[in-house]
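Chemist: Need the 3D shape of this:
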Amino acid sequence: MNWTRQHCFITGTDTGVGKSVVSAWLVQRMDADYWKPVQSGMDGETDAQVIQRLARLDAQRIHPSTHTLTQPLSPHEAARRDGITLHLRDFVLPSTPNPLVVEGAGGLLVPLNPQAFMIDLIVHLSLPAILVARTTLGTINHTLLSLAALRQRHIPILGVILNGPDNPANREAIATYGHVDILAHIPPLNPLNADALSEII
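Modeler: Below is the predicted model:
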């Protein structure tokens, strides 16, 4: 299976794990479109703007978020403060002839509403997942728990992408105990820009 030519859902072991950086790298590598179903927080650069800048992606290939929420909080709380409720039926996969990178918000068990979590959105969209994980201390537990949750819901796992300083021991442990392919490793980049991302194989 050629994972670089199919739609995929980018999820993470936690908030701030580097999903947007990985999504930008994937958009570059796959020549893909981008979609952020739920954008929480509008102050500063949005995730779509980060992707556009880091991947040099044409704005026409960035599909509008289904829900844009004002506060940088978990989607369920951001939606509550904006006076709306998120429903799975709101989300429809954009139509595109290109591969599509779909970036989630937070981790798998981030709530969307009182009944549904981010993992339920992945099931709703019928997409395979790529899991973004840190390389640092604690990542083995977080990553194995996330992989177990995906498998419990029968979500196809394309693999794990590691983000952070190189840590061969943690990489081997995740691959071995998680029974998963490590698709790539994104090291710390300074500066973090499109040129630096494009050099990562």
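Chemist: quick one, phi psi at residue 118?
Modeler: phi -60, psi -40 (degrees, to the nearest 10).
Chemist: Counting neighbours, what do you get for the nearest residue to it once chain neighbours are set aside?
Modeler: Leaving aside its sequence neighbours, residue 118 sits nearest to residue 110 (C-beta to C-beta, 6 or more residues apart in numbering; 4.7 Å). In short, each C-beta sits where N, CA and C put it, glycine included. By the measure other C-beta atoms under 10 Å, the count of residues near residue 110 is 22.
Chemist: any idea how far residue 110 is from residue 188?
Modeler: Plainly put, residue 110 is 25 Å away from residue 188 if you go by C-beta to C-beta, to the nearest Å.
Chemist: again with residue 58
Modeler: Distance, residue 58 to residue 188, using C-beta to C-beta: 28 Å.
Chemist: can you give me how far stretch 29-39 is from the chain middle?
Modeler: 9 Å (C-alpha atoms, centre = their mean, to the nearest Å).
Chemist: Over to residue 159. Which of the three states is it?
Modeler: Each residue gets one of three states, and residue 159 gets strand by DSSP: H, G, I helix; E, B strand; the rest coil.
Chemist: Isn't the residue nearest to residue 118 up against residue 77?
Modeler: No: using C-beta atoms under 8 Å, residue 110 is not in contact with residue 77; the gap is 9.9 Å.
Chemist: Show me the shaky parts of the chain.
Modeler: Within the chain, the segments meeting pLDDT under 70 span 1-2.
Chemist: show me where it has strands.
Modeler: Secondary structure of the chain (DSSP state E): strands located at 8-12, 33-35, 38-40, 62-63, 67-69, 100-107, 129-134, 157-163, 182-186.
Chemist: Quick one: distance of the shortest one to the chain centre.
Modeler: The offset between the C-alpha centroid of strand 62-63 and the centroid of the whole chain comes to 15 Å, using C-alpha atoms, centre = their mean.
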